[in-house]
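Asks: Show me the folded form of this:
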Amino acid sequence: MSGCEGSVLIVDDEKNICQLLSRLMNKEGLKTLTAYDGHTALKLIISEMPDVLIVDLKMPGMNGMEVIKRAKEIDPDLPAIMITAYADLYTAVEAMRAGAHDFLAKPFFHDEIMRVTLGALQEKRAKKKQHTLSSHIRESHNLMEMMGPSDVVDQIIRKVVRVAKSCFTVVLQGETGSGKELVARSIHDASPRSKAPFIPLDCGAIPETLLESELFGYERGAFTGAERQKPGKLELANGGTLLLDEITNMPLGSQAKLLRVLQDRQLFRVGGTRNLSIDVRLIVASNKDLRTAVESGIFRRDLFYRLNEFPFQIPPLRERKEDIFYLAKRFLDITNIELGKMVKGFTDAALEAMIVYDWPGNVRELRSAIRRAVLIADDMVDKEYLNLNEGCQAVPSSSLSSHAAAWEGHSLREITQRNTFALEREVIEEALKYTGGNKARAARLLQIDYKTMHTKVKQMGILSEGGLNGREKG
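Replies: As a prediction, this is how the structure comes out:
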C-alpha cells in the first residue's frame with residue numbers, strides 16, 4: 001500500500017469531478033491518481049496498483065461497469081466505488097454484481113464519499129493483511145472477510161494457521177453465534193486433510209437414543225427400523241475432520257465409547273462385531289466451559305484431558321466492537337443484492353445503537369438484525385428498524401454510579417471493557433472538537449500517532465467534529 005493512508009484512482013470524463021474528489025482525498029492524507037477514460041484507468045491500475053477505485057458509470061468508450069469488471073481481473077481485491085448521475089435500482093444491483101464495493105448517486109455529500117472511500121480502504125487493508133497469513137485460508141475460508149478486520153480476528157487467524165498443520169485435537173469454546181463452526185472449517189481447510197470430508201455433528205440437536213447410531217453408525221437389524229447398514233459420522237469423516245458441536249450435551253456413556261475410539265483408532269458400528277480402523281482429526285466445540293462441566297460431573301475428566309490439546313477461545317462480538325460496522329455493512333450489501341434493494345447505509349442513531357448494544361446472540365444476531373432492517377428500510381437503516389433490546393445496552397461511562405442496576409449479569413471484565421471503549425470514544429470526540437476536527441492535532445494532544453488516531457476514529461464511527469455517525473467532515 002502506498003503511504004500510510006493509501007491511494008485512490010479517480011476515473012471520470014468530467015475533469016472538474018476528478019479535481020473535486022482529488023482535493024477531498026488529499027485533505028484526508030490520501031494520494032490520488034486521475035484518469036478521464038477507461039483505458040487510461042486500466043493502465044494506471046497495472047502500473048500504480050491503487051488501493052481504491054472510484055469510477056463514473058457513463059463515459060465515452062468504455063463505461064464504468066466494464067472498467068470495474070476488467071479492473072477486478074487485474075486486481076480481484078481492488079474495492080471499486082461506482083458514481084453516476086443516472087442512479088436507479090437496476091444499475092445499482094448490476095454494479096454490485098460486477099464487483100462494486102458501493103454505489104453513489106450524483107450529487108453526493110462530501111462526507112458520504114469520504115466515508116465510503118475510507119471504508120473501502122479498510123476492506124483493502126484487511127484483505128492484504130489476510131493474504132500475508134496463509135494461502136490455505138485465502139483459498140478456502142476467508143476468516144477476516146467473514147468475521148471482520150479487527151486485531152482480535154487477526155489473532156484468531158494466526159492461531160488457525162499455527163494449529164492447522166498439526167494433528168492436535170482442538171477445543172473451541174465461545175458463546176452461541178460467535179463463529180466456532182466457521183473457525184473449525186478454516187482449521188480443516190488449512191490442514192493437510194483439506195481434500196477429505198469435513199463433517200459437523202451437533203450433539204445437542206440429536207436425541208440421546210439416536211446419538212450413538214449417528215456417531216458410530218449401525219448394522220442392518222441392529223434395532224427396529226434399521227433396514228440397512230448405515231455408516232456413522234466418524235466413519236464418514238475418515239481421513240478428514242469431525243466437528244462435535246456442543247459436546248457437553250453428549251451422555252456420559254457415549255463419552256466413554258468416544259474415548260475408546262480416540263485411543264484405539266477403531267470403532268464398532270451399533271449392532272456390529274467387526275472393528276473398523278479410522279483416521280479422523282477431531283475438533284470439539286462448546287458454549288460451556290469444559291473444566292466447569294468436568295467439575296459439575298456432566299463431562300468425563302479423562303475425555304477432557306484427551307481432547308484438550310489445543311484450547312481455543314472465540315471472543316464474543318461485544319469484545320471486538322471494531323468488527324461491528326464492517327460486518328453490518330457487509331450484511332447490508334449482501335441483503336441489498338438478495339432483495340434487489342438500494343438501502344444506502346445507517347443513520348447516526350442506528351450506528352450508535354449498534355456500537356453500545358451487547359449482542360448476546362453475537363454475529364448471528366447482528367446478521368438477522370441487519371437483514372430484517374434492510375427489508376423494512378427504504379433509504380437508510382434507522383435505529384428502530386434494528387429492533388434491539390434496550391436492556392442489552394452498555395453502561396454509559398459518564399454516569400457509572402447511577403447505573404449500577406444495569407451491571408447485573410455482567411462480569412467486572414465485561415463492564416470495564418464496555419466502559420473503557422465508551423470513555424475512550426468520549427475523549428477522542430472532545431479532542432476533535434477542541435482541534436476543529438483536525439485529527440493530526442488531536443493525535444498530538446493525546447500523545448498518540450496519527451495512524452492510531454485515524455484507525456480509532458474509523459473503528460468508533462466518530463465524526464471529525466465529534467459525534468457518533470461514522471462520517472467525517474468533508
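
Asks: Could you list the buried residues of stretch 51-64?
Replies: 51, 52, 53, 54, 55, 56, 57, 59, 62, 64 (16 or more other CB atoms under 10 Å). Yep, even glycine has a C-beta here, placed from its N, CA and C like the rest.

Asks: measure it end to end?
Replies: Stretch 51-64 has an end-to-end distance of 17 Å (criterion: CA to CA, to the nearest Å).

Asks: Mind listing residues that contact that stretch?
Replies: For stretch 51-64, the external contacting residues (CB atoms under 8 Å, 6 or more residues apart in numbering) are 1-2, 6-14, 17, 21, 37-39, 41, 45, 65, 67-68, 70-71, 78-86, 91, 95, 113, 117, 120-121, 124-125.

Asks: And stretch 15-27, by the same measure?
Replies: 8, 10-12, 31-32, 34, 36, 54, 56, 83, 110, 113-114, 117, 474.

Asks: The stretch 251-400 of the chain: strands as residue ranges?
Replies: For the stretch 251-400 of the chain, the strands defined by DSSP state E, counting those that start in this stretch occupy 266-268, 275-277, 281-286, 310-313, 345-346, 380-381.

Asks: Take the ones you listed and lay them out in a markdown table including mean pLDDT, distance to residue 370 and mean neighbour count.
Replies: Output for these, formatted as a markdown table (pLDDT from 0 to 100; distance: least, CB to CB, whole Å; neighbours: other CB atoms under 10 Å):
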| stretch | mean pLDDT | distance to residue 370 | mean neighbour count |
| --- | --- | --- | --- |
| strand 266-268 | 90 | 43 | 16 |
| strand 275-277 | 90 | 46 | 13 |
| strand 281-286 | 96 | 25 | 24 |
| strand 310-313 | 92 | 26 | 15 |
| strand 345-346 | 92 | 9 | 24 |
| strand 380-381 | 94 | 7 | 20 |
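
Asks: and of the ones you listed, who's closest to residue 189?
Replies: strand 281-286 (12.1 Å; CB to CB).

Asks: Within its sheet, name the partner strands of that closest one and how each one runs.
Replies: strand 170-173 (parallel), strand 241-245 (parallel) (DSSP bridges).

Asks: out of these, which comes closest to residue 429?
Replies: Using CB to CB, the nearest of those to residue 429 is strand 170-173, at 35.8 Å.

Asks: Render the CA-only coordinates of that closest one in PDB, please.
Replies: The C-alpha coordinates for strand 170-173 follow below in PDB (Å, rounded to 0.1, in the frame of the first residue of the first chain):
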ATOM      1  CA  VAL A 170      -8.800 -28.600  19.100                       C
ATOM      2  CA  VAL A 171     -11.300 -27.400  21.700                       C
ATOM      3  CA  LEU A 172     -13.200 -24.300  20.600                       C
ATOM      4  CA  GLN A 173     -15.100 -22.500  23.400                       C
END
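
Asks: Provide the contact partners of that strand at residue level.
Replies: 163, 180, 183-184, 187, 282-290, 307-314.

Asks: Could you count how many residues lie near residue 111?
Replies: 17 (other CB atoms under 10 Å).

Asks: Please apply the same query to residue 192.
Replies: Considering only other CB under 10 Å, residue 192 is surrounded by 12 other residues.

Asks: now residue 452
Replies: Residues near residue 452, counting by other CB under 10 Å: 11.

Asks: just residue 447 next, same as before
Replies: 6.

Asks: residues contacting the residue most central in space within the chain?
Replies: For the chain, residue 147 is the residue whose C-alpha lies nearest the centre (CA atoms, centre = their mean; 1.9 Å). Shown in contact with residue 147 (CB under 8 Å, 6+ apart): 153, 156, 179, 182, 323, 327, 363.

Asks: Need those residues in TSV (columns: pLDDT, neighbour count and distance to residue 337).
Replies: Listed next are the contacts of residue 147 as TSV, based on pLDDT from 0 to 100; neighbours: other CB atoms under 10 Å; distance: CB to CB, whole Å:
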residue	pLDDT	neighbour count	distance to residue 337
153	89	24	24
156	91	23	27
179	91	25	23
182	93	16	21
323	91	22	21
327	93	21	16
363	93	22	19
